[in-house]
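Participant: after the sequence you'll find the predicted model.
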Amino acid sequence: MECEPRICHARAVIGQHRGRSWIAWAHLYLRTFRVLAVAICLTAAAYALAAHVAWLLVASVCIGLGELLECSYYLAVLDWGARQRPDTFGRQSSNRL
């Protein structure tokens, strides 16, 4: 029995994400947030340049750079933690307390 294409796609997506650890979810969240935040700030900066709105240009550039640096820092920390303790951070540990 075949399912509707939307339902089949939803089941496939859920199946892909079912075995992720918390570290993988954190990476996915931070990468997605970084892309969206920087894209929105670049769009706002382009509009500010076109409309000659100085305060919007300054705010969007500062916020965009801040979010880019902050998310990159957090991703680096997560990668560092995974390298330091691969049994805890890199995959699900079998020794649960």
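Facilitator: Alright, I've got the coordinates. Numbering: from 1, shown residues only.
Participant: contacts and neighbour counts: CA atoms only from here.
Facilitator: Fine.
Participant: you'd agree V61 is up against A39?
Facilitator: No - the pair V61 / A39 is not scored as a contact, 10.9 Å apart, by C-alpha atoms under 8 Å.
Participant: looking at these two, which one has more neighbours?
Facilitator: A count of neighbours by other C-alpha atoms under 10 Å puts V61 above the other of V61 and A39, at 16 against 13.
Participant: got the contact list for the more buried one?
Facilitator: Residues near V61 by C-alpha atoms under 8 Å, 6 or more residues apart in numbering: C41, L42, A45.
Participant: helix or strand for it, which one?
Facilitator: Assigned by DSSP states H and E, V61 belongs to helix 54-84.
Participant: got the buried residues for that helix?
Facilitator: 56-57, 60-61, 63-64, 67-68, 71, 75, 78-79, 82 (16 or more other C-alpha atoms under 10 Å).
Participant: any idea how far W22 lies from A45?
Facilitator: Computed as C-alpha to C-alpha, to the nearest Å, the W22 to A45 distance reads 34 Å.
Participant: please identify which of these two sits among more neighbours.
Facilitator: Taking neighbours as other C-alpha under 10 Å, W22 and A45 compare with A45 leading, 22 against 13.
Participant: excluding its backbone neighbours, what's nearest that one?
Facilitator: With sequence-adjacent residues excluded and distances taken as C-alpha to C-alpha, 6 or more residues apart in numbering, A45 is closest to L57, at 4.8 Å.
Participant: what sits against the one you found?
Facilitator: A44, A45, A46, A48, L49.
Participant: out of those residues, which is most surrounded?
Facilitator: A45 (22 neighbours).
Participant: okay but it is in contact with G64, surely?
Facilitator: No - with contact defined as C-alpha under 8 Å, A45 does not count as touching G64 (9.3 Å).
Participant: number of residues surrounding V38?
Facilitator: Using other C-alpha under 10 Å, V38 is surrounded by 19 other residues.
Participant: other SSEs contacting the helix or strand where it lies?
Facilitator: Counting by DSSP H and E, the element that carries V38 is helix 22-51. With contacts taken as 3 or more C-alpha pairs under 8 Å, 6 or more residues apart in numbering; DSSP states H and E, helix 22-51 sits against helix 54-84.
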